[in-house]
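K.L.:
Sequence below, structure please.
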Amino acid sequence: MKREAGQAILIVLLSMSVVLTVVLSIIAASTSDIKIGTDESQSIRALSAAESGVQESLVTNSASTGNLNGGASFTSNVTSLAAGATAFIYPTNIYPQDSAIFWLVSHSDSGITVCDANNPCYTGRYFNILWGNPNDATTDANSSTAPALEVTVYYLATPGDYSTARVAKNIYDPNTTRRLTNFYNGSGTTYPCPCTIGTTSFKYLEGFDLNATFNSTYSASNGPQFITVKMLYNNNAQPIAIQTDTALPAQGFTVDSTGTVDSSTRKVQVEKAYGGIPSIFDAAIFSPNSLTK
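P.N.:
Modelled structure (predicted):
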């Protein structure tokens, strides 16, 4: 009888151990799920805070800090994009009929173009435009989708005098058939390519002389203003870049923002290039006086 009672107690204890183990496992899993859910929620809020910092700096063009509801905070920093560099890869690839803009004058914090001791402008003469992905078969010179460029230089015949604004434009096409048919000027093969800037390779390169090619004011601050480059014929978006003989002014700015909620931290980086004139002006005529047909 005592032996049976002892066996019963042992069975009860074993059963209780199994139940306790299951209960503890459930509690541990629930606690883990709650922690994961809390971490995900904090991570999302930290990302939102970082994005708020980006928006703040894009509006003010300056570094910023801020506190948001629920203990979230952000810190954002702003740095110039390509200021003082002699090469600049445009931040995004260019689709057909889209344009990239390369600035030759500086911008103030309020976004106004300026050339002075604190905001130096381009004073060189020579530059190269590089474009096209050499690993993309559609960029082959014999292809109908080989990317051509329409290059437009906006400059002031008298530096600093906007009443003397001038525009010079040429088209450069690596496709021989199109070039002969359309009487385009350049081939896009001034130098052998593929060429590289950093780790980015380009299919074509065209060299320019601001004096000889466009008969433009050069080597004078606030003479050349900016260059727009429109891509033609390509099927796929293509990379584009500029190389210069002297330092470029800032082409925009980079915002690095960090959002924090408790122990969660998220970071966001955004590059913003300075904008240009609306593309409608490529097909517009302006005259302060009457036009004579």
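
K.L.:
Where do the strands of the stretch 151-293 of the chain begin and end?
P.N.:
For the stretch 151-293 of the chain, the strands defined by DSSP state E, counting those that start in this stretch cover 165-172, 195-197, 200-202, 204-209, 224-232, 240-244, 252-261, 264-273.

K.L.:
Any regions of the stretch 101-250 of the chain where pLDDT drops low?
P.N.:
185-192, 213-218 (pLDDT under 70).

K.L.:
tell me the contacts of the most centrally placed residue in the chain?
P.N.:
Nearest to the mean C-alpha position of the chain, by C-alpha atoms, centre = their mean, lies residue 91 at 2.8 Å. Going by C-beta atoms under 8 Å, 6 or more residues apart in numbering, residue 91 touches 81, 252, 271, 273. Glycine gets a C-beta too; all of them are placed from N, C-alpha and C.

K.L.:
Can you lay out the strands of the stretch 151-293 of the chain as CSV showing mean neighbour count and distance to residue 57?
P.N.:
CSV is the format used below for the strands of the stretch 151-293 of the chain (neighbours: other C-beta atoms under 10 Å; distance: least, C-beta to C-beta, whole Å):
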stretch, mean neighbour count, distance to residue 57
strand 165-172, 16, 32
strand 195-197, 15, 27
strand 200-202, 17, 26
strand 204-209, 20, 34
strand 224-232, 22, 23
strand 240-244, 22, 25
strand 252-261, 21, 5
strand 264-273, 16, 8
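
K.L.:
Tell me which of the ones you listed lies nearest to residue 114.
P.N.:
Closest approach to residue 114 among these is made by strand 224-232 (11.7 Å; C-beta to C-beta).

K.L.:
Residues touching the closest one, excluding its own?
P.N.:
Here strand 224-232 makes contact (C-beta under 8 Å, 6+ apart) with 94-105, 113, 122, 127, 129, 131, 147-156, 165, 171, 173, 210, 216-218, 238, 240, 242, 276-277, 282.

K.L.:
Please check the residues you listed and keep the buried ones.
P.N.:
94, 96, 98-105, 113, 122, 127, 129, 131, 147-156, 171, 173, 210, 216-218, 238, 240, 242, 276 (16 or more other C-beta atoms under 10 Å).

K.L.:
quick one on the thing from earlier: okay if I get the contacts of residue 91 as a markdown table plus distance to residue 246?
P.N.:
As requested, the contacts of residue 91 are exported to a markdown table (distance: C-beta to C-beta, whole Å):
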| residue | distance to residue 246 |
| --- | --- |
| 81 | 18 |
| 252 | 19 |
| 271 | 23 |
| 273 | 20 |
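
K.L.:
of all the residues you listed, which comes closest to residue 45?
P.N.:
Among these, and counting by C-beta to C-beta, the member closest to residue 45 is residue 271, at 24.6 Å.

K.L.:
Helix, strand, or coil at the spatially closest residue to that closest one that is not a sequence neighbour?
P.N.:
Sequence neighbours aside, residue 91 is the residue nearest to residue 271 in space, at 4.7 Å (criterion: C-beta to C-beta, 6 or more residues apart in numbering). Assigned by DSSP: H, G, I helix; E, B strand; the rest coil, the conformation of residue 91 is coil.
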